[in-house]
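Enquirer: have a look at this prediction, sequence included:
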Amino acid sequence: GLDSVCYGRGFPAPQATTQGGLGVGSPIWDDVRYLSARVRELVSRRKTPPANGGQTDRNVARPDCVKGAQALAYKSGSGFQMRNVIFAINITLDGCCDHTKQVADDETHEYFTQLLRDADLLVYGRKTYQLMVPFWPDVAKNQSMDKASNEFARTFDSLKKIVFSRSLGSAQNEDKKTTIVRTDLRDEILKLKQEPGKNILVGGVDIPSQLIELGLVDEYRFVVGPIVAGEGRRLLEGASLRERLQLKLVESKIFKSGCVALRYLKQ
């Protein structure tokens, strides 16, 4: 099955705390890109000679006045945008995300291969990781499947991976591209979002559910298959959201198989 539909191991969700006086998952965090643009505007004004008799606004002239989320966006006056965390998964019409119940044809593999190319980091729980590795790296090495699957495997194998687990001792086959993380999920993802790079792609069920609860998922990619499973684990099963999550549909694509790929952004 595809990596995007495999289960991840549950990792106890930490209580939401504050950083720099700002609640994680608050509207300020959601608007951090706006704040980044605002900081760049202030810095630009700082470089322009003042027209008020040579007096400069202290808050404009002093970058250390930029606090909280604005400080996260302030990078020596240069443009900076936090990395997107994207949750991608295959589901059936009745919300089943069991990987054995999904459509896994060439078009679906090609779709997820492109998602992988737009990312440079994969985040999993233990179960998802062990379902993916060593299966796909072996396919990449031996080129043992069809063209679309082999390309998916090569792309998957080339990416760095982070696995959240307290029980996994080491990466499969001592894979140097994989890092086992036992620290706080929220803190680690926030740190990764602030690092330069491409998208962060999250797979599985439990780890993404916790990131959604924390307000740290920026984009959702659902490939909905024309199947009513009638059984199996459901998407976000057991998740506890503080409020209804309103998403914005920005793209859709119909596959020949009847699957529909939906792309949503967090509002």
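Expert: Thanks, I have it.

Enquirer: helices or strands up against the strand or helix carrying I200?
Expert: Under the assignment given by DSSP states H and E, the secondary-structure element containing I200 is strand 199-202. Applying 3 or more C-beta pairs under 8 Å, 6 or more residues apart in numbering; DSSP states H and E, one finds that strand 199-202 contacts strand 85-91, strand 119-125, helix 185-194. In short, each C-beta sits where N, CA and C put it, glycine included.

Enquirer: please redo it, this time with the cut-off set to 10 Å
Expert: If contacts are counted by 3 or more C-beta pairs under 10 Å, 6 or more residues apart in numbering; DSSP states H and E, strand 199-202 sits against strand 85-91, helix 106-117, strand 119-125, strand 160-164, helix 185-194, helix 206-213, strand 219-224.

Enquirer: for burial, what's the neighbour tally of S257?
Expert: For S257, the tally of surrounding residues (other C-beta atoms under 10 Å) stands at 15.

Enquirer: which pLDDT value belongs to it?
Expert: Predicted confidence (pLDDT) for S257: 97.

Enquirer: for it, give me its contacts.
Expert: Applying C-beta atoms under 10 Å, 6 or more residues apart in numbering, one finds that S257 lies in contact with 103-108, 223, 225-226.

Enquirer: repeat the analysis, applying 6 Å as the threshold.
Expert: S257 makes contacts with 103, 105, as judged by C-beta atoms under 6 Å, 6 or more residues apart in numbering.

Enquirer: quick one: which helix or strand includes it?
Expert: Secondary structure (DSSP H and E) places S257 outside all helices and strands.

Enquirer: same check on A140?
Expert: With elements taken from DSSP H and E, the one containing A140 is helix 135-142.

Enquirer: which strands or helices does that helix pack on?
Expert: Packing partners of helix 135-142 (3 or more C-beta pairs under 6 Å, 6 or more residues apart in numbering; DSSP states H and E): helix 147-158.

Enquirer: got the angle for the helix it packs on vs strand 119-125?
Expert: Angle of helix 147-158 versus strand 119-125, following axes from the mean of the first three to the mean of the last three C-alpha atoms, to 10 degrees, is 80 degrees.

Enquirer: show residues contacting helix 147-158.
Expert: The set of residues external to helix 147-158 that reach it, using C-beta under 6 Å, 6+ apart, is 106, 109-110, 113, 116, 136-137, 139-140, 143.

Enquirer: go again using 8 Å as the cut-off
Expert: Residues from elsewhere that reach helix 147-158, judged by C-beta atoms under 8 Å, 6 or more residues apart in numbering: 2-3, 105-107, 109-110, 112-113, 116-117, 122, 132, 136-137, 139-141, 143-145, 177.
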